[in-house]
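J.: model this:
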Amino acid sequence: MKLLFAALMAALVIPTFALDGLEQWASKIWIRPLPPERDSVAVVLTREGPGAFKKTMAKTTCMMRPDGSYTRDYSSPDETSHSDFLQNGSLASITSDNASDKKIYIVTISPDRRRASFRTEATGKEPAVKNLPLKPNNLVMSEYVNLIRQAWKSGIRDGFAFKGLAPDGSMEIDMETRLVETKTPWSLSDKYEVPAEFKAAFPDSQNYVVADFNLGGIVSMIYKFHNYWIFKLAPSGLEYVGSFGGDPKKATFMFMAR
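T.: Numbers count the residues shown, from 1 in each chain. Got it, this is the predicted structure:
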């Protein structure tokens, strides 16, 4: 009986098909120069109830340096951040101010991607600092868009598993990404009430690659929601154009304003 129970539990936490770990690809992914994202203004629709969506805007501005590295400034009602990226698109540092938890997160990564420093500041408290070794399969989520763009350029078409790091460096989280080519990004899940305005932003005359992101391992049994990051398939590679997902009752939909 104990063996049967153990087998059943294993079946619950093992995915239908295993993905390669990011560590198998990391040295190949981060070897090419990667142009920064385009400056953009995005529409953000947050579901507040059946047929009801709150509309806000988010702005992204990038500035490239002569050596190919660049800065990225992002602002929305919920978060502002300033990031520095190396020429290959990997993160050098980020300072983000999160309105929801009223904390400032400062992350710095060594150029060889072997160490990371996490500093968390909260009003009325001493800053908390963690210095950690960075493993090949680790990722700070601020790098996620660039990781997908680089992975596609490297010929990865199925996806991969990796260990995401919490904004304060307090834990590693099992994460998975599957890459899907489609002309209708919103059709990858039937769990969401998709706003017509969001559908209209993605004409089916265009080819897209969607990074289907979810938590892996046992955590996925608790938090089952997916997030879908949408990229336009262009001659130069992938261009990020929007996203949707999270808890279907309060899902967020983002797309670039025209």
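
J.: hey, let's count contacts and neighbours off CA atoms from now on
T.: OK.

J.: Helices of the stretch 151-258 of the chain, start to end?
T.: 196-200 (DSSP state H, counting those that start in this stretch).

J.: for it, what are the low-confidence residue spans?
T.: 218-221 (pLDDT under 70).

J.: Strands along that one, start to end?
T.: Using DSSP state E, counting those that start in this stretch, the strands found in the stretch 151-258 of the chain span residues 159-165, 172-182, 208-215, 227-234, 237-245, 252-256.

J.: for this protein, which strand is longest?
T.: Counting residues, the longest strand in the chain under DSSP state E turns out to be strand 52-64.

J.: Let me know the helix or strand that the residue nearest to the spatial centre of the chain is in.
T.: When C-alpha atoms, centre = their mean is applied to the chain, the residue found nearest the centroid is residue 144 (4.2 Å). Counting by DSSP states H and E, the element that carries residue 144 is helix 144-153.

J.: Report all helices and strands that that helix contacts.
T.: helix 26-29, strand 237-245 (3 or more C-alpha pairs under 8 Å, 6 or more residues apart in numbering; DSSP states H and E).

J.: on that earlier part again, save the strands of the stretch 151-258 of the chain as TSV, and put in mean neighbour count too.
T.: Listed next are the strands of the stretch 151-258 of the chain as TSV, based on neighbours: other C-alpha atoms under 10 Å:
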stretch	mean neighbour count
strand 159-165	21
strand 172-182	18
strand 208-215	23
strand 227-234	21
strand 237-245	20
strand 252-256	23
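
J.: and residue 20, what does it touch?
T.: Counting by C-alpha atoms under 8 Å, 6 or more residues apart in numbering, residue 20 touches 159-161.

J.: ok, now residue 204?
T.: 183-184.

J.: what's the spacing between it and residue 44?
T.: Distance from residue 204 to residue 44, counting by C-alpha to C-alpha, to the nearest Å: 21 Å.

J.: Please apply the same query to residue 246.
T.: Counting by C-alpha to C-alpha, the gap from residue 246 to residue 44 is 13 Å.

J.: same check, this time on residue 191
T.: Using C-alpha to C-alpha, one gets 19 Å for the distance from residue 191 to residue 44.

J.: Surely residue 223 touches residue 215?
T.: Yes. Shown here, residue 223 and residue 215 form a contact pair, counting by C-alpha atoms under 8 Å, at 7.3 Å.

J.: Model confidence for the closest residue to residue 56 other than its chain neighbours, exactly?
T.: With C-alpha to C-alpha, 6 or more residues apart in numbering as the criterion, residue 56 has its nearest non-adjacent residue at 5.1 Å, and that residue is residue 44. pLDDT, residue 44: 97.

J.: Helix or strand for residue 44, just tell me which one.
T.: Judged by DSSP H and E, residue 44 forms part of strand 40-49.

J.: and that strand, how far out from the chain's middle?
T.: Centroid separation for strand 40-49 versus its chain: 17 Å, with C-alpha atoms, centre = their mean, to the nearest Å.

J.: name the helices or strands packed onto that strand?
T.: So strand 40-49, by 3+ C-alpha pairs under 8 Å, 6+ apart, packs with strand 52-64, strand 252-256.

J.: who touches residue 153 in this structure?
T.: Residue 153 neighbours (C-alpha under 8 Å, 6+ apart): residue 237.

J.: What distance do you get for it to residue 160?
T.: Residue 153 is 14 Å from residue 160, where distance means C-alpha to C-alpha.

J.: cool, and residue 121?
T.: 32 Å.

J.: returning to that earlier point: name the residue in residue 191 and residue 44 with the higher neighbour count.
T.: The neighbour comparison of residue 191 against residue 44 (other C-alpha atoms under 10 Å) goes to residue 44, with 23 against 13.
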